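In: what follows is a predicted structure for the sequence shown.
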Amino acid sequence: MHWRASIKTSSKTLKENKNEWKHYIQDSSLAKMQVAKIEIADFEAFLYDVTMDFAITSKRLSNILSVLNGILRRCVSRKIIEHNLLSDVDMKVFRKRCKPQNSNKDNYTLDERQRILDYLADKTDIYSLAIRFSFFVPLRISETCAIKYSDVRNGQLHIQRAQRTCQKMNDDLTFDARYLTNEERIKGNKASGFRTIPLTDTALSIIEQTHRLYPDTEYLFMRDGEQILANTFNEALMKICKELKIKYRSSHQIRFTVATLLFENGIPITQLSTLLGHADTAMTWHYIRKQEPDAQTADIMKSVLG
């Protein structure tokens with residue numbers, strides 16, 4: 001943990017690693033073994049145990065494996081072991097034993113999106129402006145909160161930083177209070193995160209309106225001299241959805257909604273991947289939410305299949 005902190009691993013990841021260790025590894029027989037004496041069968045026994053009765057999701061399994069692989073790679077680099085045997089385990093076996101995920105993270109529908117935009121059309125508070133804007137750009141909320149007016153040039157938005165909540169880890173592995181930073185690195189620290197996004201006329205008009213109403217701020221979306229935050233953005237969005245009797249989805253699902261709309265209207269997956277700031281299209285496909293077959297699809301099926 002101290003080594004990972006020294007190489008600037010985020011506090012969020014460090015806390016997640018600590019939790020996985022505490023809940024799944026710390027009291028296992030694996031944790032009590034000398035690393036150099038652990039064999040493939042020991043890893044397999046541990047994995048059979050944690051995946052028994054579909055106890056965890058595939059994502060949770062990935063998090064546990066991340067902790068174990070991190071430890072073992074560190075042991076290799078320190079010459080405690082020659083090879084990370086966990087990398088030789090067939091993980092497909094254990095992923096099949098994970099809990100099925102019925103994600104409720106569906107998109108906003110076209111009707112819901114329009115109802116929200118209509119509801120916010122004459123509202124000028126900073127959160128209403130930020131929420132309206134988010135429905136026209138495929139941004140992470142951390143990127144939206146960190147936009148400066150100087151990032152908008154020639155009808156384009158240059159993504160150059162992201163808002164990040166950090167915590168300092170102490171020697172006893174406790175964490176100090178959170179603090180906010182704006183870092184010139186995008187999630188995953190991928191070069192693809194730094195990108196240029198064309199802005200629609202509506203998106204530009206929201207930026208211009210925000211600048212007229214709040215002319216003395218450095219960042220686009222600020223209130224009382226402070227940048228807005230992801231959690232307060234989502235609190236405002238939740239209130240709007242409650243008012244409109246629309247199922248609430250978080251700011252992240254707005255990003256999914258925009259991505260799906262762009263794809264369904266002809267943006268190639270490679271271009272969409274660039275707009276989203278993904279390093280490859282595999283992640284982008286995850287953002288395209290499956291829609292229920294519409295009337296047009298039904299008519300085509302009837303025509304083709306009889």
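Out: Cool, the structure landed.
In: where's Gly193 relative to Asp172, distance?
Out: As for Gly193, its distance to Asp172 is 33 Å (criterion: Cβ to Cβ, to the nearest Å). Backbone N, C-alpha and C define where each C-beta goes, glycine included.
In: same check on Gly266?
Out: 55 Å.
In: for the stretch 201-306 of the chain, give me the ranges with low pLDDT.
Out: Along the stretch 201-306 of the chain, segments meeting pLDDT under 70 span 289-294, 306.
In: which SSE is immediately downstream of the longest helix seen in the chain?
Out: Ranked by residue count, the top helix of the chain under DSSP state H comes out as helix 58-77. Following helix 58-77 in sequence order, the next helix or strand is helix 92-95 (DSSP states H and E).
In: which helices and strands sit right next to that following helix?
Out: Judged by 3 or more Cβ pairs under 8 Å, 6 or more residues apart in numbering; DSSP states H and E, the packing partners of helix 92-95 are helix 58-77.
In: for the helix it packs on, the distance to its chain's centre please.
Out: 20 Å (Cα atoms, centre = their mean, to the nearest Å).
In: buried residues in that helix, which are they?
Out: Ser58, Arg60, Leu61, Asn63, Ile64, Leu65, Val67, Leu68, Gly70, Ile71, Leu72, Cys75 (16 or more other Cβ atoms under 10 Å).
In: can I get these in a markdown table including distance to Arg223 and pLDDT?
Out: A markdown table is the format used below for these (distance: Cβ to Cβ, whole Å; pLDDT from 0 to 100):
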| residue | distance to Arg223 | pLDDT |
| --- | --- | --- |
| Ser58 | 39 | 91 |
| Arg60 | 36 | 94 |
| Leu61 | 40 | 96 |
| Asn63 | 35 | 95 |
| Ile64 | 40 | 97 |
| Leu65 | 41 | 97 |
| Val67 | 38 | 96 |
| Leu68 | 43 | 97 |
| Gly70 | 39 | 95 |
| Ile71 | 43 | 96 |
| Leu72 | 46 | 97 |
| Cys75 | 48 | 96 |
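In: now the helices for the stretch 101-250 of the chain?
Out: Listed in chain order, the helices of the stretch 101-250 of the chain (DSSP state H, counting those that start in this stretch) span residues 110-120, 126-134, 141-144, 201-213, 230-244.
In: what about those, which gets the closest to Val89?
Out: helix 141-144 (34.3 Å; Cβ to Cβ).
In: name the residues that touch the closest one?
Out: Contacts to helix 141-144, defined as Cβ atoms under 8 Å, 6 or more residues apart in numbering, come from residues 130, 133-134, 137, 159, 161-164, 186-187, 221, 230, 233-234, 251-252, 255, 277.
In: sketch out the low-pLDDT regions of the stretch 1-150 of the chain for me.
Out: In the stretch 1-150 of the chain (pLDDT under 70), the answer is 101-105.
In: test my guess that Leu272 contacts Phe263.
Out: Yes. With contacts counted by Cβ atoms under 8 Å, Leu272 reaches Phe263, the gap being 5.6 Å.
In: these two: who's more crowded?
Out: Neighbours per residue (other Cβ atoms under 10 Å) separate Leu272 from Phe263, with Leu272 holding more: 21 against 18.
In: which SSE is that one in?
Out: helix 269-276.
In: which helix or strand lies directly C-terminal to that helix?
Out: helix 281-287.
In: quick one: the following helix or strand past that next one to chain centroid distance?
Out: Per DSSP H and E, the first helix or strand lying C-terminal to helix 281-287 is helix 295-305. A distance of 36 Å separates the centroid of the chain from that of helix 295-305, by Cα atoms, centre = their mean.
In: now swap in stretch 249-261 and tell me
Out: On the basis of Cα atoms, centre = their mean, stretch 249-261 sits 11 Å off its chain's mean C-alpha point.
In: buried stuff in that stretch?
Out: When burial is assessed from 16+ other Cβ under 10 Å, stretch 249-261 yields the following buried residues: Arg249, Ser250, Ser251, Gln253, Ile254, Arg255, Phe256, Thr257, Val258, Ala259, Thr260, Leu261.
In: looking at those residues, which is nearest Ala31?
Out: Of these, the one sitting nearest to Ala31 (Cβ to Cβ) turns out to be Ser250, at 34.9 Å.
In: apart from its chain neighbours, what residue comes closest to the closest one?
Out: Distance criterion Cβ to Cβ, 6 or more residues apart in numbering; nearest residue to Ser250, sequence neighbours excluded, is Asn234 at 5.3 Å.
In: other residues contacting stretch 243-257?
Out: 105-108, 112-113, 115-116, 119, 131, 134-135, 138-141, 144, 230, 233-234, 237-238, 240-242, 276, 287, 289.
In: the same query, at a cut-off of 7 Å, please.
Out: The contact list for stretch 243-257 (Cβ atoms under 7 Å, 6 or more residues apart in numbering) reads 105, 107-108, 112-113, 115-116, 119, 134-135, 138-141, 230, 233-234, 237-238, 241, 287, 289.
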